[in-house]
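Colleague: Predicted model and sequence below, questions to follow.
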Amino acid sequence: MKKRLQFLLTPFLVLIVQLALAQNPDKTITGTVTDQEGLPLPGVNVIVEGTQRGTQTDFDGNYSIVANSSDMLVFSYLGFETASRRVGDAMRIDATLSPDAAELEEVVVMGYVSKRRDDMTGSAVSVGSESIEQVPVASVDQALQGKVAGLNITAASGTPGAVQDIRIRGRSSITAGNDPLYVIDGVPISGGNQAAATSGSSLNPLASLNNNDIESITVLKDASATAAYGARGANGVIVITTKKGKSGRTSINFSSSYGFTNPAIDGPTVLTGAQREELYYEAYQWQEFGELGLTTAEAREYEGSSEETQTSQGAAYRRWNAEGRPEANWGDAVRNYDAPIQEYNISANGGNEQYNFYASLGYFAQEAVTIGSEFERISGSVNFSHQLGENFRFQTSNTASHTYQDGILEGSAYFSSPQAAKFFQSPLEQPYNEDGSFNLNTSLPNPFWIAQEDIDDQRLTRIISNNSLTWSTPIPNLDFTTRASIDYRIYNYKRYRNPVSGDGDATAGYGYQAHRNTANYVFQNSLNYFLQSNDHRLDFTVLQEYQENRNYFLEAEAENFVTTGLTNLASAGTPTLASSEFTDWAVASYLGTASYSFNNIYVLNGTYRREGNSRFSPENRWGNFWSAGAALNFHRMGFLEGNNNVNMLKLRGSYGVTGNASIDLNAYQVLYSYDADYGGTGAAYPSTFGNENLTWETSDQYDLGIDFAFLENRINGTMSYYFRESKDLLLEVPLSRTTGFANQEQNVGTMTNQGFEAELEWNIVRSDDFNLTIGGNFATNENEVTSMPQNAAGNDITITEQRQRVEAGHPAYGWYLPTWAGVDPDTGFDTWYTDGVGSEITTSFGESNRVFQGGSALPTVNVGLNFHVDFKGFFVDANAFYQGGHKVYESWHLYTSGANLYPVGVYQGIDRLMTRWQQPGDVTRIERMQHGYEPWEYSSKYLFDGDFARLRNVTVGYNLNSSIAEAAGITSGRIFVRGTNLGTWVKDDNLIWDPEVNASGSTDMFTPATRSIIFGINVNL
Amino acid sequence: MKNILNKFVCTALIAGSVAVSSCTTDDLNPTLAQQKEDQNAFSNVDDMEGVLKGMYNRLTPAAYYGRDYLVTNEARTPNIWANGSSGRFVTQASFSQGATGLYFWDNAYAAIATANILIELDIETLEGDLDYARHMQGQAYAVRALAHFDLLKTFGQQHTGGSLGVPYVTEFKGEDLLPARGTVEDNKSAIYADLEQAYQIMDENFFDSSKEFISKYVAPSLESRVAVYFGDWERARDAADLVIESGKYSVVSADQFIESFANDGGVNSIFELAYRDTDNPGSDSMEYIYRGCSYGDISVTQDTYDNLYESDSDVRTNVFGTETCGDDEFLRNLGKFPSRSSNINVIRYEEVVLNYAEALYELGEGDPLQWLNMIPEHRNADTYSTVTKENILEERREEFIFEGLYYWDLLRTEQDIVRSEGQVINIPYGDPRTAWPIPLSELDANSNIVQNPGYQG
């Protein structure tokens, strides 16, 4: 905590550097500065009082300075009481600094403002750089998994650079966006998937940031924390702070890691060719004889014996037998075993009282665990701060990165996706011909050929430049800051399908390219003022902000490639699409926020924001958002002041109104679109129903909590309860299709989220050589749609999707399916309840009505656990997380697990089919094999408890002790081995896919989550 | 960039004086670069023509005439079966459809909504050729009738013992946004009324030789189809007679028959939907479902392949063939819908001729044999010596196989549907499964709609 404080505030310190002005002093004094526990304090300022002579302690707390015997040495260090020592006769002066009680507080960066912990009235959780650096993930949000109570992350895809679904305190909207707002260095940025094709891998804009350039991430959860972002704060805010320069000696940091990744779990096992054959001939016998009696070989012989008995599936099996029954294992074949992951970073920082800087260069590369996919990022940053004269300070943060993702088709059962090959390629067909060439005669495109020939590439070049000028006005403590920031992204997508085999063979090749320029401008002007008078302290900020986002998009498509190997559109004969678009949105806002503290005991916070958004009609464009919070710091009261057993005890509460405007552009307008064509000419059609009354979705949230630290801070933590009611939900209300429209955006319905959150850390052992800490977080979330509007016929509107429904009285998108009643042990066929458990049982799927199955896709409980131990420089860090209370639907079960010809005649089955019903009395989940094709039947049969736990991270390492470091000529160093997703526990045995699925709650054909082991070093020069 | 700088300047100025705000509500107006607001959408007849094309465009998606509407109907007959190659049309071929999908419900009503925009348009306010504007309104009436008729056939209860049809929508964003189902009889009257109105309004001078736009005689052509379906024989006779008398169309000759499917706008084409190299359903096209090894889900039944045509010289046998995928051989439609970019015919003259023949036969007047034989005569096939209902129906099946008409013939003549290959089925006439379920999403959004018997509600 101390170190962190220094980190954050050092840029504001005016440091004294040694001047060459010689005064002919007597002697050189040396010494060591330590804290009360004897730990050396690096970076302590040591100055000769009354002069400008000074130095800083080194890594081991040592200093040396030249002084007169009559001089006084002053030792100052942020967060500690300043100490003075008379030089006198001593040649060596050691100093022990004691913590400055008033300053010993974490400063929480909240985007626009930073607050002392004491002044906080809401819920915010900070994650420091130690949890972010050198974590083997492509995007920094993945590092938050399990670290923040109330923050739920699910990764749909393990493709490096793919988008993560993040929900803070549940889902606050039904059909508008639920993603949190991201803020980098005080500037809101736009997130979301960058990919131009929905059928390919997604690309997360956060993957363009280098994790190692990030100082901290703060997650703002309650209204008093998020109201500053008013309008867009309802889904929570994630504030990212980048590293800044530190005054003092220039230090250089080098870090590197290298490791290997594999799927986090093995996933479903598919049938062998022999098993598939056995099941096929069972289906055949049921069809042919109505009973089982023959062995597989006998049945095959019978089937092949005459033209009347032969089947096309049987022909494949007979051929396979003639070839000697070669087993193809496609799942194994498309795996990229021990896919390498590597990262290299070098950074430098330093400065003096005039300027400081931070600069870095980073490289990250990861191959996916499936063939044909990889990710690469090269990034650089320069952050620079310059004091201009007495009153002006210029600060600039600049990052540039280039991100490359070689993606795949994923997210559905795309036949030419390597991810689908395991489940859709017949094991009777071989990947290679006898001569070693690719077998292109497979029933689905050969994924090896596709990986070699086809292209799904995304490239994102991103430049973020954030510049501010702060003027310390002549009025004491009144600062004026003006800020201009741009986030500029150049995105390119390239898709190519070879003309020989696969998706492009019917058109003699296919090419598609898209190009997008996005510019996001933010301009801010703010006044900061603080007033300290005796026991009163007032912080006051007014801010004005304008944000504009502009998108230029260009795409083209062509067919008929002249030759193979040339993949650009220039080599295609038939252009089939050329299109361009421009879209924009803008937000203007005015913000005032004030914090008042009396004696550090009583704290009041207030925030007001007025925001206008281009997504709404001029009459409804502006919204008002506000919050109020109060806190009571018991530990600052007389009776507890200085009590070592109660270091912190705070009661806090907040209430506020935040908003959400994450809907499509121009939804309020009645629009005609012109992107259709007919007969080779352009065509127009009514595209948007429109709603001029459309306005903000708002959330009222209150938050009550206790923050505490006991026993010399050995035990600390926080507990909160929150309740959020979202009103005037921005809802895509389904219209009768007879209107010609699917839906209309309306402000209707209410929804609540409530939950309890706790975080706890316990320093069991705290000493020089040995530390042991355990910690954890726990959060619940209960989501309920409390009202839905009525339609013109007087009935409650519901939104029903294939497997989920939004209805008042249930969680949003609660699972809504016919209830499966098991396979009838007598007949071997599925049965269902007509109206849910307990009702009549039917053998006809059509007679089974949908009912709520309880729960939704969103976990109701999240738990994170942390463990840290270090001993003489050796350390072990571990953390694990659990998500539960939700349900997961298994997609594609008809084709992979249906007891019919899809898995054993056309595609490929999962080995659970071996437990199929064979004779009366068999109790199983799998029906009798049928020689035919069944239609889709979505029921609770494939809806499973989603509860799972994952050992997210284990790091074992060694911090070089100072003597070794010194001997090696470095300031400090660290080596470590880090494992990610080393273990997974899943509650429901039937959930055999990776339990980490995206927010929709259904498994799908994605690159699975990965387990990685990396070896890393980190050296400070 | 200049604009951005201006904004920066404006923000910078405000900071000092909080009261002044030059970044106003209007500065936040979004740019509309790809769309127009409705009040700006119609200024001249060309704008109207853009929306007219949009109306036709609504008929072309894969879910409607682009594939599903035609193939689903075909898959519900013994002509073809679904081989499961990509899992498509298996459900339809086994009559095990559920209510979760939309089928073409949304596409048809979207076309109707666009037609209503055109019909309600006050053309006097437009600049340009108002005669043409009026002609376009006539086309809109015809499309409104066609889409409602397709909906009625598919979702109506006329063959399942009920009386409910579909909502007949005649207003765009009208009073009743949650319409109930009309009766079959009401629907039928409305369809006839719209077709009559279309015929009235349309101007013969705007005859479109590409056949991609509806001309005057498309209306009676469609009317003859509707009338035959409902057994309104006099109306069928009169409507077909109008088309025949117009002299604008003729039966395609035997040597041109196969090519007529590859060539757009043939002599026999009355109305067809336009597809282009750059505008087609791609892998969801007819071509992909009837042929090829990536989808190729539709196989011809052996019985149809072997026995449908008596004469080997019948040019229509050239439509059939086999295709090998891997080591499997499939019986195929190779001739109809040859390419993704081929136009898809909605109605052709041969149907009008057979409608006329059937009407004459039912009414016991004229010379139905002459009209019936006009088709085999142009196909190098054996002609009939007598007219019977069976002969007419057989000729229709032979002529229109793979084009999605046979299913309606089976239903209107109250036949059972029996297939003994692939999806083995025996669907008795009147079975509730012969009517399609109203989509669940419509039921969820519109509580005035009643589900068909036998389906999830």
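Modeller: Structure received.
Colleague: Name the residue of the stretch 251-400 of chain B that lies nearest to chain A.
Modeller: B:Ala274 (3.7 Å; Cβ to the nearest Cβ). In short, each C-beta sits where N, CA and C put it, glycine included.
Colleague: Could I get the pLDDT score of that residue?
Modeller: At B:Ala274, the pLDDT value in this model is 96.
Colleague: so it makes contact with B:Tyr65?
Modeller: No: counting by Cβ atoms under 8 Å, B:Tyr65 is not a contact partner of B:Ala274; they are 10.7 Å apart.
Colleague: So which of these two has more stuff around it?
Modeller: B:Tyr65 (28 against 25; other Cβ atoms under 10 Å in any protein chain shown).
Colleague: roughly how far apart are the more buried one and chain A?
Modeller: 12 Å (Cβ to the nearest Cβ, to the nearest Å).
Colleague: Just to be sure, that residue is in a helix?
Modeller: No: counting by DSSP: H, G, I helix; E, B strand; the rest coil, B:Tyr65 is not part of a helix but coil.
Colleague: Spit out the contact partners of it.
Modeller: Shown in contact with B:Tyr65 (Cβ atoms under 8 Å, 6 or more residues apart in numbering or on different chains): B:59, B:273, B:344, B:346.
Colleague: residue ranges for the helices of the stretch 1-150 of chain B, please.
Modeller: B:2-16, B:45-57, B:68-75, B:90-93, B:105-120, B:130-155 (DSSP state H, counting those that start in this stretch).
Colleague: Chain A too?
Modeller: Ranges of helices in chain A, per DSSP state H, are A:2-9, A:223-226, A:273-289, A:296-303, A:312-322, A:330-333, A:418-424, A:447-453, A:893-897, A:901, A:962-968.
Colleague: With the stretch 251-400 of chain B instead?
Modeller: Under DSSP H, counting those that start in this stretch, the stretch 251-400 of chain B gives helices at B:257-262, B:286-290, B:302-307, B:349-363, B:368-377, B:389-400.
Colleague: mind checking which of those is nearest A:Asn356?
Modeller: When these are compared by Cβ to Cβ, helix B:286-290 sits nearest A:Asn356, at 63.2 Å.
Colleague: Name the residues that touch that closest one?
Modeller: A:506, B:66-67, B:70-71, B:88-89, B:282, B:294-298, B:332-333, B:336-340, B:342, B:344, B:402.
Colleague: Among those, which are located in strands?
Modeller: Judged by DSSP state E, the contacts of helix B:286-290 include B:298, B:332-333, B:344 as members of strands.
Colleague: With adjacent residues omitted, what lies nearest to the residue in the stretch 51-200 of chain B positioned nearest to chain A?
Modeller: Using Cβ to the nearest Cβ, the closest approach of the stretch 51-200 of chain B to chain A is made by B:Ala113 at 2.5 Å. Nearest non-adjacent residue to B:Ala113, counting by Cβ to Cβ, 6 or more residues apart in numbering or on different chains: A:Gly740, 2.5 Å away.
Colleague: Quick one, grab the pLDDT at the one you found.
Modeller: Per the predicted model, pLDDT is 94 at A:Gly740.
Colleague: How many neighbouring residues does it have?
Modeller: So A:Gly740, with other Cβ under 10 Å, has 26 neighbours.
Colleague: residues in contact with it?
Modeller: When contacts are counted by Cβ under 8 Å, 6+ apart, A:Gly740 touches A:686, B:109-110, B:112-114, B:172.
Colleague: need the residues you listed in a markdown table with neighbour count, can you?
Modeller: Shown next, in a markdown table, are the contacts of A:Gly740 (neighbours: other Cβ atoms under 10 Å in any protein chain shown):
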| residue | neighbour count |
| --- | --- |
| A:Pro686 | 23 |
| B:Tyr109 | 25 |
| B:Ala110 | 27 |
| B:Ile112 | 28 |
| B:Ala113 | 24 |
| B:Thr114 | 29 |
| B:Phe172 | 18 |
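Colleague: for the residues you listed, which one is nearest A:Arg393?
Modeller: Checking those one by one against A:Arg393 (Cβ to Cβ), the nearest turns out to be A:Pro686, at 54.5 Å.
Colleague: Now do the closest one against chain B, distance only.
Modeller: Taking Cβ to the nearest Cβ, one finds A:Pro686 at 7 Å from chain B.
Colleague: With A:Thr1010 instead?
Modeller: Counting by Cβ to the nearest Cβ, the gap from A:Thr1010 to chain B is 30 Å.
Colleague: Surely that residue is in contact with A:Pro263?
Modeller: Yes: contact criterion Cβ under 8 Å: A:Thr1010 and A:Pro263 qualify, at 6.3 Å.
Colleague: neighbour-wise, which of these two wins?
Modeller: A side-by-side neighbour count of A:Thr1010 and A:Pro263, using other Cβ under 10 Å, places A:Thr1010 first with 24 against 20.
Colleague: Contact partners for the more buried one?
Modeller: A:Thr1010 sits next to A:158, A:261-264, A:339, A:369, A:980-981 when contact means Cβ under 8 Å, 6+ apart.
Colleague: can you do 7 Å?
Modeller: A:158, A:261-264, A:369, A:981 (Cβ atoms under 7 Å, 6 or more residues apart in numbering or on different chains).
Colleague: Mark which of these are part of strands, please.
Modeller: Checking these against DSSP E, those in strands are A:261-263, A:981.
Colleague: Least confident of the helices of the stretch 1-150 of chain B, on average?
Modeller: helix B:2-16 (a mean of 44).
Colleague: Contacts for stretch B:363-373, please.
Modeller: Against stretch B:363-373 from outside (Cβ under 7 Å, 6+ apart): B:233-234, B:237, B:353, B:356-357, B:360-361, B:383-384, B:386-387, B:391-392, B:395.
Colleague: for the closest residue to B:Leu151 other than its chain neighbours, helix, strand, or coil?
Modeller: Distance criterion Cβ to Cβ, 6+ apart; nearest residue to B:Leu151, sequence neighbours excluded, is B:Val166 at 4.4 Å. With three-state DSSP as the basis, B:Val166 sits in coil.
Colleague: just checking, B:Val166 touches B:Pro179?
Modeller: No: using Cβ atoms under 7 Å, B:Val166 makes no contact with B:Pro179, being 9.2 Å away.
Colleague: measure the nearest residue to B:Arg67 once chain neighbours are set aside to A:Pro734 for me?
Modeller: Counting by Cβ to Cβ, 6+ apart, B:Arg67 lies nearest to B:Met286, which is 5.4 Å off, once chain neighbours are set aside. Applying Cβ to Cβ, to the nearest Å, the value for B:Met286 to A:Pro734 is 30 Å.
Colleague: what does B:Leu178 give?
Modeller: 11 Å.
Colleague: Neighbour count for those two, which is higher?
Modeller: More neighbours surround A:Pro734 than the other of B:Leu178 and A:Pro734, with 23 against 18 (other Cβ under 10 Å).
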